[in-house]
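> Dropping the sequence and predicted coords here.
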Amino acid sequence: MTPTTTQTRAAHTTSGTTRGAILNRLRPLRNPWRRPWFLAGLTWVYLIWSLVPVALAVLFSFNNGKSQSVWQGFSWRWYFADPVNSVLHDPDLHAAVVQTIRLSVFVTLITIPIGVAFALGINRWRGVTSASFNFVMILSFVIPELIFGVALFFVFTRLFTTVGLGTLAEILALVTWNVSWPALIVQARLATIGRQYEEAAADLGVTPLQIIYRVTMPLLMPAIFASTVLVFSSVVDDFVLVDLLNSNSSNTPMSVYIYSQQRGGNGGPALNALGTIMLVMSFVAAILGYLGYRWLTRGEREGNVAALAAITGEG
Amino acid sequence: MTVPSGVSASRRPPRQQRQPRRLIWVALAAPGIIWLAVLFIVPFYAIFAIAAGRLDVFGTPVAVWNPLDWTATNFAAAWHDVAGAGAFVGPIILRTLIYVALASALCLLIAYPAAYFVARFAGRWKGLILILLIAPFWISYMMRMLAWIDLLQTDGYVNKVLSFLHLSSQPIDWLGGLGLTVVLGLVYGYIPYLILVLYAGLDRIDPILIEAGRDLGLNRVRTFIRVTLPLSRQAVLTGLLITVLPMLGDYFTNQLLSGTTGTTMLGNVIDDQLTSAGGVLEGQGAVFSLLFLLVLVPPLIYYVVSTNRSSRRAM
């Protein structure tokens, strides 16, 4: 890249901009559409760096031994074969899996209806109240999780003491933290589809409630679906809120269990097994989300990339 | 998202139809609004109430809900931690800023070229690369840290590779409190979010603008500096914001990868004060959370306003 740059620059300084520019156009320097090998190399190195460690961690969850660096053969012992230390048989590991599943299911079921209704209402009811709460909702999307966790910790230990710490506090916290996913994604979808379908229905004499049920909701299905997947997997992976709000081992989900065990340095392949279970839960949600989104938007001109973006919350 | 008022006014149905419809939108938004008010706004007030509250006879902070009765007890104690005789928080704040600055600079240095490559040159590999870029988004943070803990053990793969290449004569104790490990851990943890935001921003740049730059005689580097870089400014700022904010409140990366007092960050201080025995330090935790929040308010508002503006532009 450097020789080209210096040549051009020399041409610029000696013979004026116009002539330099013309020379630059006429001279067949290098193929301008050549592949940028440096950028390609950097990207692939980055991808390897970001994924191979996790792949190794998954691999060692199947190790037939305690080591996390020496391969001793394949086994299911850390999942269910070991009668004491496997995820299936160790009561704490087992409880962590159950708690993660419980949290992700309940939180998703509560978050999606609230968030979708909120998005629809806020988007159509234009007023000071709706604008301010839209602002609050976006704020809840970007506020650092630690600060929000501290705030909820105080509120559950000092004000709403009937809730206290534990599963209920975790669910309330995670719903608040995740409600911005459906709220933002549904609002974006509302902006794309416009009002014309609803106005057409209104002209045909359909009542407002029927419009929501028969016109708006079907059009919003891809957005609702994408946000369901996002909420589910972000609850599976959430750490900070549940770390601050859990009270004992019966309401400690997998992420917090991994953290508390690894911190003391007494982790073993069973932790890798736990992490692999989390990974599989998230990936299954992502794949279902991708396929479902493709199916729901099959009539629209949306490509693979658009579907990927949608289930990542970048759509 | 806001339609110019003239347009919406002309489209609005007559007044007698509008009132019941408006009620529907209010009713739809209400659950979300109430939820956010009770579980997002009230908790933040609780931070104020604890931070400016008093201590009971056991030294445990008590929330004072009436602003007229607020005291400065906890603020004085926190100030004592920052600047008093036994000050320990001052250096920790400085260290947090240095770690976060280094980590976010490294993130940008890796993420920008990679995102640029994927957006402009990936060609037929684009789908696969995008899936690989998005994959870490679906892998739990704890699992990704666990993977590195496995690799960085004294008998782990990193040391094995280093000694195989004769780069180090004896195994390095990566997890024994190295600042470098923590900074690289932060980079590894938060870079996927940055890359996705940068990719979305760079992908949105119309290639015609870049071709125009080339046609007008700019070479590759200058086209990048004069065209691409200014157009991606918004994405860079947004991406940095969503990586820097959580990094500032991060306590688990440091705890998992080092766990010694030599690398303590501000997040660790708040977390420790919250889990202190008998809760005697909770008041100071509230003060530090509050200060942290106040520092973050300007960038947060910038983010919310710019998000609103760009989504309005998208209309």
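Thanks, I have it.
> Quick one: name the residues of the stretch 201-315 of chain B near chain A.
Within the stretch 201-315 of chain B, the positions near chain A by C-beta under 8 Å from any C-beta of the partner chain are B:214, B:216-217, B:219-221, B:241-242, B:245-246, B:248-252, B:255-256, B:259, B:267, B:270-271, B:274, B:282, B:285-286, B:289, B:292-293, B:296, B:300, B:303-304, B:307-308, B:311, B:314-315. Placement of C-beta: from N, CA and C, glycine included.
> quick one: the helices in the stretch 51-200 of chain B?
For the stretch 51-200 of chain B, the helices defined by DSSP state H, counting those that start in this stretch cover B:73-83, B:89-120, B:126-134, B:141-152, B:157-164, B:179-203.
> Return the most buried member of these.
helix B:141-152 (a mean of 24; mean count of other C-beta atoms under 10 Å in any protein chain shown).
> Can you tell me what sits against that helix?
Helix B:141-152 is contacted from outside by A:53-54, A:56-57, A:60, A:68-69, A:237, A:239, A:254-255, A:258-259, A:262, A:267, A:271-272, A:275-276, A:278-279, B:136, B:156-159, B:174-175, B:181, B:185, B:188-189, B:252-253, B:256-257, using C-beta atoms under 8 Å, 6 or more residues apart in numbering or on different chains.
> Output the helix or strand where B:Val221 lies as PDB, nothing but the C-alphas.
In this structure, B:Val221 sits in helix B:220-223 according to DSSP states H and E. Taking Å, rounded to 0.1, in the frame of the first residue of the first chain, the C-alpha atoms of helix B:220-223 are listed here in PDB:
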ATOM      1  CA  ARG B 220      -7.400   3.700  -1.000                       C
ATOM      2  CA  VAL B 221      -6.100   5.100   2.200                       C
ATOM      3  CA  ARG B 222      -7.400   8.600   1.500                       C
ATOM      4  CA  THR B 223     -10.800   7.300   0.400                       C
END
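> Give the buried residues for it.
Residues of helix B:220-223 classed as buried: B:220, B:223 (neighbour count, 16 or more other C-beta atoms under 10 Å in any protein chain shown).
> How far off centre is that helix?
31 Å (C-alpha atoms, centre = their mean, to the nearest Å).
> which secondary structure elements does whatever helix or strand comes next after it contact?
Using DSSP H and E, the helix or strand that follows helix B:220-223 towards the C-terminus is helix B:229-231. For helix B:229-231, there is no helix or strand it packs on, judged by 3 or more C-beta pairs under 8 Å, 6 or more residues apart in numbering or on different chains; DSSP states H and E.
> Let me know the next secondary structure element after helix B:229-231.
Heading C-terminal from helix B:229-231, the first helix or strand you meet, by DSSP H and E, is helix B:233-248.
> model confidence over that next one, on average?
For helix B:233-248, the mean pLDDT works out to 88.
> Same check on stretch B:29-47?
Across stretch B:29-47, pLDDT averages out at 93.
> and that stretch, which residues are buried?
Going by neighbour count (16+ other C-beta under 10 Å), the buried part of stretch B:29-47 is B:29, B:31-33, B:35-36, B:39-40, B:42-47.
> Pull it out as PDB, backbone CA atoms only.
What follows is stretch B:29-47, C-alpha atoms only, in PDB (Å, rounded to 0.1, in the frame of the first residue of the first chain):
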ATOM      1  CA  ALA B  29     -48.700   0.700  27.300                       C
ATOM      2  CA  ALA B  30     -49.900   0.800  30.900                       C
ATOM      3  CA  PRO B  31     -48.400  -2.500  32.200                       C
ATOM      4  CA  GLY B  32     -45.000  -1.700  30.800                       C
ATOM      5  CA  ILE B  33     -45.100   1.900  32.200                       C
ATOM      6  CA  ILE B  34     -46.100   0.700  35.600                       C
ATOM      7  CA  TRP B  35     -43.500  -2.100  35.600                       C
ATOM      8  CA  LEU B  36     -40.700   0.400  34.600                       C
ATOM      9  CA  ALA B  37     -41.900   2.900  37.200                       C
ATOM     10  CA  VAL B  38     -42.000   0.400  40.100                       C
ATOM     11  CA  LEU B  39     -38.900  -1.700  39.100                       C
ATOM     12  CA  PHE B  40     -36.700   0.800  37.300                       C
ATOM     13  CA  ILE B  41     -37.400   4.300  38.600                       C
ATOM     14  CA  VAL B  42     -38.100   3.400  42.200                       C
ATOM     15  CA  PRO B  43     -34.900   1.300  42.500                       C
ATOM     16  CA  PHE B  44     -32.800   4.200  41.400                       C
ATOM     17  CA  TYR B  45     -34.500   6.400  44.100                       C
ATOM     18  CA  ALA B  46     -33.600   3.600  46.500                       C
ATOM     19  CA  ILE B  47     -29.900   4.200  45.700                       C
END
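> how far is that stretch from where the chain is centred?
Centre to centre, stretch against its chain (C-alpha atoms, centre = their mean), the figure for stretch B:29-47 is 22 Å.
> what does stretch B:89-105 give?
Using C-alpha atoms, centre = their mean, the offset of stretch B:89-105 from its chain centre is 14 Å.
> my guess is A:Leu93 contacts A:Val87, does it?
Yes - look at A:Leu93 against A:Val87 with C-beta atoms under 8 Å: they come within range, at 4.6 Å.
> Give me the common contacts of the two.
Common contact partners of A:Leu93 and A:Val87 (C-beta under 8 Å, 6+ apart): A:270, A:274.
> more neighbours, the two?
Taking neighbours as other C-beta atoms under 10 Å in any protein chain shown, A:Leu93 and A:Val87 compare with A:Leu93 leading, 25 against 22.
> List the buried residues in the helix or strand where the more buried one lies.
Secondary structure assigned from DSSP H and E places A:Leu93 in helix A:91-124. For helix A:91-124, a neighbour-count test (16+ other C-beta under 10 Å) marks A:93, A:95-97, A:99-101, A:103-104, A:106-108, A:110-112, A:114-124 as buried.
> Please go through those residues and note which also touch chain B.
Taking C-beta under 8 Å from any C-beta as the test, chain B is in contact with A:114-115, A:117-118, A:120-124 out of the buried residues of helix A:91-124.
> need the contact list for the residue lying closest to A:Gln210 once chain neighbours are set aside.
Using C-beta to C-beta, 6 or more residues apart in numbering or on different chains and skipping the chain neighbours, the partner closest in space to A:Gln210 is A:Ala201 (7.7 Å). By C-beta under 8 Å, 6+ apart, the contact set of A:Ala201 is A:210-211, A:214-215.
> Give me the buried stretch members for the helix or strand where A:Ala201 lies, please.
Counting by DSSP H and E, the element that carries A:Ala201 is helix A:196-203. Neighbour-count burial for helix A:196-203, counted by 16+ other C-beta under 10 Å, picks out A:198, A:201-202.
> tell me how far the ends of stretch B:215-222 are from each other?
From its first residue to its last, stretch B:215-222 covers 12 Å (C-alpha to C-alpha, to the nearest Å).
> I should have written stretch A:206-214 there, sorry.
End-to-end distance for stretch A:206-214: 9 Å, by C-alpha to C-alpha.
> for it, the distance to its chain's centre please.
Computed by C-alpha atoms, centre = their mean, the chain-centroid distance of stretch A:206-214 equals 32 Å.
> swap in stretch B:92-107?
Counting by C-alpha atoms, centre = their mean, stretch B:92-107 is centred 13 Å from the centre of its parent chain.
> which residues of chain A fall in helices?
Shown for chain A, the helices assigned by DSSP state H span residues A:2-26, A:37-60, A:91-124, A:128-142, A:145-154, A:167-178, A:180-193, A:196-203, A:208-211, A:217-237, A:240-245, A:254-263, A:269-296, A:304-312.
> contacting residues around the second one?
Put plainly, it is helix A:37-60. Among residues not part of helix A:37-60, those counted as contacts by C-beta under 8 Å, 6+ apart are A:67-69, A:71, A:269, A:272, A:275-276, A:279, B:110, B:113-114, B:116-118, B:121-122, B:129, B:132-133, B:135-136, B:139, B:143-144, B:146-148, B:150-151, B:157, B:188, B:191-192.
> now it and helix B:157-164, what's the angle there?
Here helix A:37-60 runs at an angle of 120 degrees relative to helix B:157-164 (axes from the mean of the first three to the mean of the last three C-alpha atoms, to 10 degrees).
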